[in-house]
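Asker: here is my input; please provide its structure:
(2 chains, ligands or ions: 4)
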There are 2 protein chains.
Amino acid sequence: MSKVLVTGHQNPDTDSITSAIVYAHLKNQQGIHAQPVRLGEVNKETEYVLNYFNMEAPVLADNEVKQGVEELILVDHNERQQSIEDLDSFKVIEVVDHHRIANFETMGPLYYRAEPVGCTATILLKLYKENDVEVPKDLAGLMLSAIISDSLLFKSPTCTDEDIKAAQELASVADVDPETYGLEMLKAGADLSDKTTDE
Amino acid sequence: MSKVLVTGHQNPDTDSITSAIVYAHLKNQQGIHAQPVRLGEVNKETEYVLNYFNMEAPVLADNEVKQGVEELILVDHNERQQSIEDLDSFKVIEVVDHHRIANFETMGPLYYRAEPVGCTATILLKLYKENDVEVPKDLAGLMLSAIISDSLLFKSPTCTDEDIKAAQELASVADVDPETYGLEMLKAGADLSDKTTDE
Ligand SMILES: [Mn+2]
Ligand SMILES: [Mn+2]
Ligand SMILES: [Mn+2]
Ligand SMILES: [Mn+2]
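Answerer: Ligands and ions are numbered 1, 2, ... in the order given. Just a heads-up that it's a prediction; the model follows:
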């Protein structure tokens, strides 16, 4: 079976990196050969997240990885200027996203799942449930991290009740305290370690 | 609460008319004031369907109906040239569709549910289940009719296993035989009654 790449947007944030990993896992459980990739460097916050839950970052979508691949799944974005540079070389077969739709078009029908929530991970939790697949503990940690990141610890105006409920459920599966963990995670992202005491 | 209009495409077919009715009903069950509308005349096939299940056609989306309405739900289409002429006067808050995505764009996040199946009704059946709402007998008949129409009685190459399964389930709720009913319905659409014996 030919490989499908699952990718978030350029300048990837925690939601883009973790959603690629988490959705590729769901696809794998359904017998589809999906590989998560990234379109840029992992930021400090995401690095903290991956270390904490002992997960590896997706590989960079370079020419070797793209070799022979025909199909793409987009997560956490849909606008072409935010996507893989050679988007037109692929058929986008699915999108899972929580942003407005713009500059997006396909030749044929596809699976497109957007919901007006604060984070892709919140939608992915629904997809796991709809498909009766259990969320593994480490992936629950990644999904929780994405919600904390996109919602700035539930304080962003884009954060919905559904995001908060999803985060609570995922925190209990991941067995972490969202507030304590979330603050540490956001601090790691603020990247204080690289700054001098003058800043 | 302000009213939301649910509309299919221009030159409406059976899927566009029935999906507007069926999705508005689901929204009503969820406490949302949704009204199905149509963007053109009901064709002979759809007329047969509505008569058979004793349902009324949605009203035409004229100025009186649109008065004061701000939000729109699109079913069975997304491309702006197939939609309501004054699309930009509204905020599209949801789309449920089974076509490619093109010429579609929003200012903000929305609920967008597309699946690569043969008919909008097949997706609507999933939405009823996901939201734990029972499909009433007459609406099951409309949904079955939409699948038969879009799939030309399951013979179209766009017809998927999911459409066939949905149709079987809906036929049993509607208590009709899909083959017998479907042939009569397609015959009504072929509009033989208007033609002379020479044709
Ligand atoms: Mn993002
Ligand atoms: Mn996001
Ligand atoms: Mn149609
Ligand atoms: Mn259709």
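
Asker: going forward, measure contacts between C-alpha atoms and count neighbours the same way
Answerer: Noted.

Asker: and the longest strand along chain A, how far out from the chain middle?
Answerer: Criterion DSSP state E: the longest strand present in chain A is strand A:91-97. Distance, stretch centre to chain centre, for strand A:91-97: 13 Å (C-alpha atoms, centre = their mean, to the nearest Å).

Asker: could you say what helices and strands that strand packs with?
Answerer: strand A:71-75, strand A:111-114, helix A:120-130 (3 or more C-alpha pairs under 8 Å, 6 or more residues apart in numbering or on different chains; DSSP states H and E).

Asker: hey, what's the angle from that strand to strand A:71-75? Just curious.
Answerer: Angle, strand A:91-97 to strand A:71-75, by axes from the mean of the first three to the mean of the last three C-alpha atoms, to 10 degrees: 10 degrees.

Asker: all helices of chain A, in order?
Answerer: Using DSSP state H, the helices of chain A run over residues A:14-29, A:44-52, A:63-66, A:120-130, A:137-151, A:161-174, A:178-190.

Asker: looking at those, which is nearest to chain B?
Answerer: helix A:120-130 (7.8 Å; C-alpha to the nearest C-alpha).

Asker: residue of chain A nearest ligand 2, please.
Answerer: The nearest approach of chain A to ligand 2 comes at A:C119, 4.4 Å away (C-alpha to the ion).

Asker: that residue contacts A:I147, doesn't it?
Answerer: Yes. Counting by C-alpha atoms under 8 Å, A:I147 is a contact partner of A:C119 at 5.6 Å.

Asker: list the residues that contact A:S2.
Answerer: Going by C-alpha atoms under 8 Å, 6 or more residues apart in numbering or on different chains, A:S2 touches A:H33, A:V69, A:E70.

Asker: for the residue of chain A found nearest ligand 4, which non-adjacent residue is closest in space?
Answerer: Minimum separation of chain A from ligand 4 (C-alpha to the ion) falls at A:P109, amounting to 11.5 Å. Residue nearest to A:P109 in three dimensions, not counting chain neighbours: B:R100, with 4.0 Å by C-alpha to C-alpha, 6 or more residues apart in numbering or on different chains.

Asker: contacting residues for that neighbour?
Answerer: Contacts of B:R100 by C-alpha under 8 Å, 6+ apart are A:E105, A:T106, A:M107, A:G108, A:P109, A:L110.

Asker: apply 6 Å and report the result again.
Answerer: Neighbouring residues of B:R100 by C-alpha atoms under 6 Å, 6 or more residues apart in numbering or on different chains: A:T106, A:G108, A:P109.

Asker: cool, A:H98 as well?
Answerer: Going by C-alpha under 6 Å, 6+ apart, A:H98 touches A:A114, A:E115, A:P116, A:V117, A:T120.

Asker: if we can go back for a sec, export the helices of chain A to a markdown table and tack on mean pLDDT, distance to B:T18 and mean neighbour count?
Answerer: Below are the helices of chain A laid out as a markdown table (pLDDT from 0 to 100; distance: least, C-alpha to C-alpha, whole Å; neighbours: other C-alpha atoms under 10 Å in any protein chain shown):
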| stretch | mean pLDDT | distance to B:T18 | mean neighbour count |
| --- | --- | --- | --- |
| helix A:14-29 | 98 | 33 | 24 |
| helix A:44-52 | 98 | 46 | 20 |
| helix A:63-66 | 97 | 43 | 12 |
| helix A:120-130 | 97 | 25 | 20 |
| helix A:137-151 | 98 | 37 | 25 |
| helix A:161-174 | 98 | 30 | 19 |
| helix A:178-190 | 96 | 45 | 17 |
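
Asker: tabulate these (a markdown table), appending distance to ligand 4.
Answerer: Listed next are those as a markdown table, based on distance: least, C-alpha to the ion, whole Å:
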| stretch | distance to ligand 4 |
| --- | --- |
| helix A:14-29 | 27 |
| helix A:44-52 | 42 |
| helix A:63-66 | 34 |
| helix A:120-130 | 23 |
| helix A:137-151 | 35 |
| helix A:161-174 | 30 |
| helix A:178-190 | 44 |
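
Asker: how about the ones you listed, which one is nearest B:V4?
Answerer: Among the helices of chain A, helix A:161-174 comes nearest to B:V4, with 22.3 Å by C-alpha to C-alpha.

Asker: what lies in contact with that closest one?
Answerer: Residues contacting helix A:161-174 (C-alpha under 6 Å, 6+ apart): A:T122, A:K137, A:A140, A:G141, A:L144.

Asker: report the angle between the axes of that helix and helix A:120-130?
Answerer: Angle, helix A:161-174 to helix A:120-130, by the same axes, to 10 degrees: 70 degrees.

Asker: check contacts around A:K3.
Answerer: A:H33, A:A34, A:V69.

Asker: out of those residues, which is nearest to A:N11?
Answerer: Using C-alpha to C-alpha, A:A34 comes nearest to A:N11 of the contacts of A:K3, at 21.4 Å.

Asker: with adjacent residues omitted, what lies nearest to that closest one?
Answerer: A:V4 (4.6 Å).

Asker: hey, what's that neighbour bridged with?
Answerer: A:A34, A:E71 (DSSP bridges).

Asker: does it touch A:G68 like I think?
Answerer: No. Look at A:V4 against A:G68 with C-alpha atoms under 6 Å: they stay out of range, at 10.0 Å.

Asker: the two: who's more crowded?
Answerer: When neighbours are counted by other C-alpha atoms under 10 Å in any protein chain shown, A:V4 and A:G68 differ, and A:V4 comes out ahead with 24 against 11.

Asker: still on that earlier bit, contacting residues around the residue nearest to A:A34?
Answerer: Residues in contact with A:V4 (C-alpha under 6 Å, 6+ apart) are A:A34, A:E71, A:L72.

Asker: any idea how far it is from A:V135?
Answerer: For A:V4, the distance to A:V135 equals 21 Å [C-alpha to C-alpha, to the nearest Å].

Asker: how about A:E56?
Answerer: Using C-alpha to C-alpha, one gets 17 Å for the distance from A:E56 to A:V135.
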